[in-house]
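1. with the sequence up front, the predicted model follows.
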Amino acid sequence: MSRFDERIAVGLDRITAYAAVMVTLRRGASQTLDVPAIVGVTRSQRTTDSDGATGARSRQRDYLINAFAYVIDGVPVEPRAGDEIDQSLNGDTARFEVQPLAGTDVAWSWSDGNRKRYRLHTREIDARE
């Protein structure tokens, strides 16, 4: 591991320790509670139908999650499109689905050169009270 990679790893560990939010991972009927995640880039995008009419605003968000913490049914797994992440936002639970970035088939990537953290690309699909 290079010195640069070591510094990045230390920085991400500190961010996780001080700024991570606890989320729930879901895959089908399985779930894992209290997984620490760093909230990355959040984007809003207006949807447009085939007639050019502007519709609802869609919220996209990246999450950085340690690979060892991405566990479903007690087994560490790689993320995949369709996995869901629940996060409490202002007293409500928002649900985000792991989805490929627009125009690609990439739903996640490594966030660091050491391949210790996943960067999950998500879109909000549901918000519940």
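-> Perfect, I can see it now.

2. pull up the pairing partners for whichever strand or helix holds V23, direction included.
-> Using DSSP states H and E, V23 maps to strand 21-27. Paired neighbours of strand 21-27 in the sheet (DSSP bridges): strand 30-48 (antiparallel), strand 84-89 (antiparallel).

3. for the last one, what is the average pLDDT?
-> When you say that, I think you mean strand 84-89. For strand 84-89, the mean pLDDT works out to 93.

4. and it, which residues are buried?
-> E84, I85, D86, Q87 (16 or more other CB atoms under 10 Å). C-beta: built from backbone N, CA, C; applies to glycine.

5. what are the bridge partners for the third one, then?
-> The reference is to D86. Going by DSSP bridges, D86 forms beta bridges with T24, R95.

6. list the contacts for it?
-> Contact partners of D86, counting by CB atoms under 8 Å, 6 or more residues apart in numbering, are V23, T24, R26, T93, A94, R95, F96.

7. enumerate the positions of the one helix or strand R7 maps to that are buried.
-> Assigned by DSSP H and E, R7 belongs to helix 3-19. Residues I8, A9, L12, T16 are the ones in helix 3-19 that count as buried (16+ other CB under 10 Å).

8. wait, the second one touches N114, no?
-> Yes: A9 is in contact with N114 according to CB atoms under 8 Å; the separation is 6.0 Å.

9. so L101 lies in a strand, does it not?
-> No: the assignment for L101, made by DSSP: H, G, I helix; E, B strand; the rest coil, is coil rather than a strand.

10. can you read off the backbone torsions of the residue lying closest to it once chain neighbours are set aside?
-> The spatially closest residue to L101, leaving aside those adjacent along the chain, is H121, at 5.2 Å (CB to CB, 6 or more residues apart in numbering). H121 adopts backbone torsions of phi -90, psi 120, taken as degrees, to the nearest 10.
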